[in-house]
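> I'll drop the sequence and a predicted model, then ask my questions.
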Amino acid sequence: MQYDAAMIGLGTMGRNLLLNMADNGFSVIGFDKNTVTAQALLTEANNSPNVAVAGSLQEMCGKLKTPRKILMLVPAGKIVDSVLEELLPFLEQDDIVVDSGNSFYKDTQRRVEYMSGKGFHFVGMGISGGEMGARRGPSIMPGGDKSAWHQLQPVLEAVSAKINNEACVAYMGNHAAGHYVKMVHNGIEYAIMQLISELYAVLKHSAGLSNQELHETFATWNKGELQSFLIEITAAVFLQKDDVTGNDLVDMILDKAGSKGTGKWTSQEAMDLPVSIPTIDIAVAMRDLSVYKDQRVAASKLYNKQINPSGLSKEQVIAMAGDALQAAILICYAQGLSMLQQASSQLQMDIPLASVVKIWRGGCIIRSKVLSNFYDAFQKAPDLQNILLDESISKLLQQKEDGLRQFTSLAINHKIAAAAFASTIGYLDAYTNERMPVNLIQAQRDFFGAHTYQRIDKEGSFHTEWEG
């Protein structure tokens, strides 16, 4: 039997995506050096004739229809290069290899050029939705070689999430655009999660909400304008009991957050463009700060840190928090999408922003109701530099702005870290202000370093011999 597609790497994500393909009528074959992991695929497939496991890469390639469609879901980095080298002897011209992991986009671009030189197609493809997304329908972000995309399209459209019967997969642009879009997606994810965690701290410690009340609050929000996957799962988190102690599990989890690098990459690449994404930057920084638990414990004793009740009713704080979160999340998306718009032109990726927000509406971790508003904005103006410049988005944000400011002030005044909310307000105020105070910075730079400055009344660069 000749199979339609293959998967290298049969961990949970790879296995689930392969089973998703089989559910949609494609015959698939997988390979993993770990025989226990490989066997798990057959067990979960319930011995389906459309699912097979190969004992080697050579056997896998020999059982594929040509041109071969080979997906990889292995850890990013050197392992991807290692697998490619092992695979090369068994490939034929025009075969397609797809890296479906969270690879750094510059590594993907290097691999695209390397494989192209040998006559093969290499595609960098972002996938979002976690384990269940891979099994039931993720958001899929392929980029690069258009001819390879067209061959992969039937499979990817079949397995992706669907919104209004539209597949949550689209061509993301040239070169390594697929992994670039996924990188920024993850940066936005970092920012929204940080905002939710800061809001949780205020509701719990200053407003005094119990975990049951927190569940009810988030569940209610998820039925309205704030409807999103991250709000949905946050509501569920507060109900989970700990198997060991019987306590609410969220209270038993250590306050140290891990990361896999995609948020850091987003910040680094934004600085190189350059484009401003301060809420994403601070989200990365706060995860880094969380790691220093021992230092934080010592500092809390030294500074006698105490969080006092707000003095407001729970209902007042909840209403304020809902508006604040909606406004801040909108601005997070604005930052990430402005980065994609800038990269689209500067890196010649030609990223279609309307398609990006369209496929993020379903399957992915940052799916939310507001993405439909963004889709409408980019449909009207595909070259929109920042969604905050859209009139309808502006009206929506201004309706929530007072809540954003009041909530952030409440947090700061009660000594609750609200760095993401504060950074979000800073971005909004700077972006919507005709004049920023950096004229003073330019004067300082020219004073100590003769770096020159520009004037408001005539063109050119100028230097002054400053007195003093």
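Okay, I see it.
> Please count neighbours and contacts with C-alpha atoms only from this point.
Will do.
> Run through this structure and note the low-pLDDT ranges.
Judged against pLDDT under 70, the chain has no low-scoring part.
> Work out which residue lies at the spatial centre of it.
Central residue of the chain (C-alpha atoms, centre = their mean): Asn186, 1.9 Å from the mean position.
> Sticking with it, tell me its helix or strand.
Assigned by DSSP states H and E, Asn186 belongs to helix 177-201.
> Let me know the distance separating Pro142 from Leu249.
For Pro142, the distance to Leu249 equals 37 Å [C-alpha to C-alpha, to the nearest Å].
> Comparing those two, which shows the higher neighbour count?
Counted by other C-alpha atoms under 10 Å, Pro142 and Leu249 do not tie: Pro142 has more neighbours, with 32 against 16.
> Can you pull the phi and psi angles for that one?
Per-residue torsions, Pro142: phi -90, psi 150 (degrees, to the nearest 10).
> Distance of the residue lying closest to it once chain neighbours are set aside relative to Gly144?
Leaving aside its chain neighbours, Pro142 sits nearest to Met125 (4.1 Å; criterion: C-alpha to C-alpha, 6 or more residues apart in numbering). Applying C-alpha to C-alpha, the value for Met125 to Gly144 is 9 Å.
> So for these two, which residue has more residues nearby?
Met125 (29 against 25).
> can you give me how far the helix or strand hosting that one is from the chain middle?
Using DSSP H and E, Met125 maps to strand 121-128. Strand 121-128 sits 15 Å away from the centroid of its parent chain (C-alpha atoms, centre = their mean, to the nearest Å).
> Can you check what angle separates that strand from helix 177-201?
Calculated by axes from the mean of the first three to the mean of the last three C-alpha atoms, to 10 degrees, strand 121-128 forms an angle of 10 degrees with helix 177-201.
> What strands flank strand 121-128, and is each parallel or antiparallel?
Partners of strand 121-128 in the sheet, by DSSP bridges, are strand 96-99 (parallel), strand 139-142 (antiparallel).
> Show me what the last one is in contact with.
Read it as strand 139-142. Residues outside strand 139-142 that contact it (C-alpha atoms under 8 Å, 6 or more residues apart in numbering): 123-129, 133, 149, 156, 160-161, 168-172, 177-179, 181-182, 359-360, 362-364.
> try 6 Å
Strand 139-142 has contacts (C-alpha atoms under 6 Å, 6 or more residues apart in numbering) with 125-128, 160, 168-169, 171-172, 178, 363-364.
> got the angle for the helix ranked longest in the chain vs helix 177-201?
In the chain, assigned by DSSP state H, the helix with the most residues is helix 314-346. Helix 314-346 and helix 177-201 are oriented at 160 degrees to each other (the same axes, to 10 degrees).
> What's the first helix or strand after helix 314-346?
Toward the C-terminus, helix 314-346 is succeeded by helix 353-359 as the next helix or strand (DSSP H and E).
> Sort out which residues of the helix or strand that the strand holding Met125 is followed by are buried, please.
On the C-terminal side of strand 121-128, the closest following helix or strand by DSSP H and E is helix 130-136. Neighbour-count burial for helix 130-136, counted by 16 or more other C-alpha atoms under 10 Å, picks out 130-131, 133-136.
> tell me which of these is nearest to Asp95?
Within the buried residues of helix 130-136, the smallest distance to Asp95 is 23.5 Å, found for Ala134 (C-alpha to C-alpha).
> burial measure for the nearest residue to that closest one once chain neighbours are set aside, as a count.
Spatial nearest neighbour of Ala134, chain neighbours left out: Leu17 (4.8 Å); criterion: C-alpha to C-alpha, 6+ apart. Neighbourhood size, Leu17 [other C-alpha under 10 Å]: 26.
> ok, now Gly336?
Neighbour count for Gly336, taken as other C-alpha under 10 Å: 28.
> Use 327 as the first number for this chain going forward.
All set: I'll call the first residue 327, so the last point we hit is now Gly662.
> thinking again about what came up before, who's in contact with the residue nearest to Pro468?
Met451 touches 425-426, 467-468, 504-505, counting by C-alpha under 6 Å, 6+ apart.
> circling back to that earlier point, now the strand holding Met451: buried residues?
Of the residues in strand 447-454, 447-454 count as buried by neighbour count, 16+ other C-alpha under 10 Å.
> do stretch 356-374 as well
356-358, 363-368, 371.
> now, which of the residues you listed sits nearest Thr588?
Taking C-alpha to C-alpha as the measure, Asp358 is the one of the buried residues of stretch 356-374 closest to Thr588, at 25.1 Å.
> Next, find the distance separating the closest one from His541.
Going from Asp358 to His541 by C-alpha to C-alpha gives 40 Å.
> same question, Ala703
Counting by C-alpha to C-alpha, the gap from Ala703 to His541 is 33 Å.
> which parts of the helix or strand harbouring Gln768 are buried?
In this structure, Gln768 sits in helix 764-775 according to DSSP H and E. Of all the residues in helix 764-775, those buried under the rule 16+ other C-alpha under 10 Å are 769-770, 772-773.
> Could you dump those residues into CSV and include distance to Leu529?
Putting the buried residues of helix 764-775 into CSV (distance: C-alpha to C-alpha, whole Å) gives the following:
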residue, distance to Leu529
Ala769, 44
Gln770, 43
Asp772, 47
Phe773, 47
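> Out of the residues you listed, flag the one nearest to Ala562.
For the buried residues of helix 764-775, the nearest to Ala562 is Gln770 (51.8 Å; C-alpha to C-alpha).
> Now for the residue nearest to Gln419 when sequence neighbours are not counted, how many residues are close by?
Among residues not flanking Gln419 along the chain, Gly445 sits closest, at 5.2 Å (C-alpha to C-alpha, 6+ apart). Look at Gly445: counted by other C-alpha under 10 Å, it has 14 neighbours.
> and the gap between Gly445 and Val423?
Noted for Gly445: a distance of 11 Å to Val423, by C-alpha to C-alpha.
> got it, and Asn548?
Asn548 sits 39 Å away from Val423, going by C-alpha to C-alpha.
> same check, this time on Thr560
Distance from Thr560 to Val423, by C-alpha to C-alpha: 36 Å.
> Compare the two and say which is more crowded by neighbours.
For Thr560 and Val423, the more surrounded residue by other C-alpha under 10 Å is Val423, and the numbers stand at 24 against 19.
> Report the beta-bridge partner residues of that one.
Beta bridges link Val423 to Ile396, Phe448 when assigned by DSSP bridges.
> Noted, bye for now.
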